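1. let's see this in three dimensions:
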Amino acid sequence: MRQSTGSRVFDVANLVLLGGMAVVTVLPLLYVLAASFAGEAEIASRPFFLWPEHFTTATYAYIFATGTFVRALLTTIAVTAVGTVIQVLLTFTMAYPLAKRYLPGRALVLNLVIFTMVFSGGLIPTYLVVRDMGLLDSYWALILPLAINPFYLIIVKSFFQELPQALEEAARIDGANELAVFWRIVMPLSKPIIATFSLFYAVAIWNDYMSPLLYISDNTKWTLQVLVRQLTSPEAANALATVDSANFFPVEGIKFAVVVIATLPILLFYPFLQKHFAKGVMIGSVKE
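-> The predicted structure is shown next:
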């Protein structure tokens, strides 16, 4: 099909605009990656570069030799893994019954869910609830208060409503109860949306800075994001308790290296879910 002149101009303008946005987005990332493999003198003397003149992994060796950083990294991985499983499980188990129009009190529960999307108790009431539940200085404080995202819940509910009812009815005829229908029929059909919201929840937990800052006062339980903030602050030289001032301490390089390490796991995690992600984000976007 032949394109009009206006369509070709529009396509070219789109390519230029999107290409410019991509360059603006990617260049800082490449600079951070390059600086993480550069020496202290080069970082100080070159304001911007995409390839270090003297390639070195000394900064990464220093970071992984530090118990504080390794502990924070492992803590964040564990909290993200456990939190993602719990949040996805709670979201899907709540969304499934709400997708059934015959459920008593369904409208009231849905209205309460929508209410929380508009109004919240605020920072101080939330902190008081976490404190009174005895979750301070506990990793559960990073998972349970945000266990169900109401917006995600509504989307998952809409997805369950679009599933063919004949499959569930056939399973019930074969003697399956509601729990069996959910685990053996509904969940296997929900792989795209499970992958999508697992990624959303995992990224949110991994990048969460405020929750550990508010609820975790024990620095041995710091997550990676809090430690990254400490290391990239002006007082970075005092951030690690194991620092020996007589030895090499890459103050500038460590700032770039910890950002790379904090970003890399999510970037590596995404390709495994990519085939489900495109389909999952379109769920509920088209209604017949």
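2. residue contacts, the most centrally placed residue in the chain?
-> With distances taken as Cα atoms, centre = their mean, the residue of the chain nearest its centroid is V203 (0.6 Å). Residues near V203 by Cβ atoms under 8 Å, 6 or more residues apart in numbering: I266. The way it works is simple: take the backbone N, C-alpha and C, and place the C-beta from them, glycine included.
3. need the phi and psi values for it.
-> Phi and psi for V203, reported as degrees, to the nearest 10, are phi -60, psi -40.
4. try L163
-> Torsion angles, degrees, to the nearest 10, at L163: phi -70, psi 140.
5. nearest spatial neighbour of it, skipping sequence neighbours?
-> L189 (6.2 Å; Cβ to Cβ, 6 or more residues apart in numbering).
6. now do the one you found: how many residues are near it, please.
-> Neighbour count of L189, defined by other Cβ atoms under 10 Å: 14.
7. distance of it relative to A44?
-> Counting by Cβ to Cβ, to the nearest Å, the gap from L189 to A44 is 56 Å.
8. repeat that for P271.
-> According to Cβ to Cβ, P271 stands 35 Å off from A44.
9. ditto for A202
-> For A202, the distance to A44 equals 36 Å [Cβ to Cβ].
10. before we move on, what about L50?
-> In terms of Cβ to Cβ, L50 sits 17 Å off from A44.
11. please apply the same query to L17.
-> Look at L17 and A44: by Cβ to Cβ, they are 35 Å apart.
12. same check on I173?
-> To A44, I173 is 73 Å away according to Cβ to Cβ.
13. close enough to count as contact, V181 and R172?
-> Yes: between V181 and R172 there is a contact under Cβ atoms under 8 Å: 6.6 Å.
14. tell me the helix or strand right after the particular helix or strand that has V85 in it.
-> Using DSSP states H and E, V85 sits within helix 67-98. Downstream of helix 67-98, the next assigned helix or strand under DSSP H and E is helix 106-118.
15. list the buried residues in that next one.
-> L110, V113 (16 or more other Cβ atoms under 10 Å).
16. quick one: list the elements packing against the following helix or strand past it.
-> Counting by DSSP H and E, the next helix or strand C-terminal to helix 106-118 is helix 123-132. When contacts are defined as 3 or more Cβ pairs under 8 Å, 6 or more residues apart in numbering; DSSP states H and E, helix 123-132 packs onto helix 210-215.
17. how much space between I86 and I194?
-> Taking Cβ to Cβ as the measure, I86 falls 14 Å from I194.
18. show me where the protein has its helices.
-> Ranges of helices within the chain are 5-36, 40-45, 58-64, 67-98, 106-118, 123-132, 150-162, 165-173, 178-181, 187-189, 191-207, 210-215, 224-231, 251-281, based on DSSP state H.
19. Y139 is nearest to which of those?
-> Among the helices of the chain, the nearest to Y139 by Cβ to Cβ is helix 67-98 (5.4 Å).
20. angle of that closest one against helix 191-207?
-> Counting by axes from the mean of the first three to the mean of the last three Cα atoms, to 10 degrees, helix 67-98 points 140 degrees away from the direction of helix 191-207.
21. all numbers from here: first residue = 18
-> Fine by me, first position is 18 from now on; the one you just mentioned is helix 84-115.
22. pull out the buried positions in helix 84-115.
-> 85-86, 88-90, 92-93, 96-97, 100-101, 103-105, 108-109, 111-113, 115.
23. elements contacting it?
-> Packing partners of helix 84-115 (3+ Cβ pairs under 8 Å, 6+ apart): helix 123-135, helix 167-179, helix 208-224, helix 241-248, helix 268-298.
24. got a markdown table for the ones you listed, with mean pLDDT and distance to H71 too?
-> Output for the helices and strands packed on helix 84-115, formatted as a markdown table (pLDDT from 0 to 100; distance: least, Cβ to Cβ, whole Å):
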| stretch | mean pLDDT | distance to H71 |
| --- | --- | --- |
| helix 123-135 | 89 | 52 |
| helix 167-179 | 89 | 47 |
| helix 208-224 | 87 | 32 |
| helix 241-248 | 81 | 22 |
| helix 268-298 | 73 | 12 |
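25. can you check which of the ones you listed gets nearest to D28?
-> helix 268-298 (21.5 Å).
26. quick check: closest non-adjacent residue to F65.
-> Y48 (6.0 Å).
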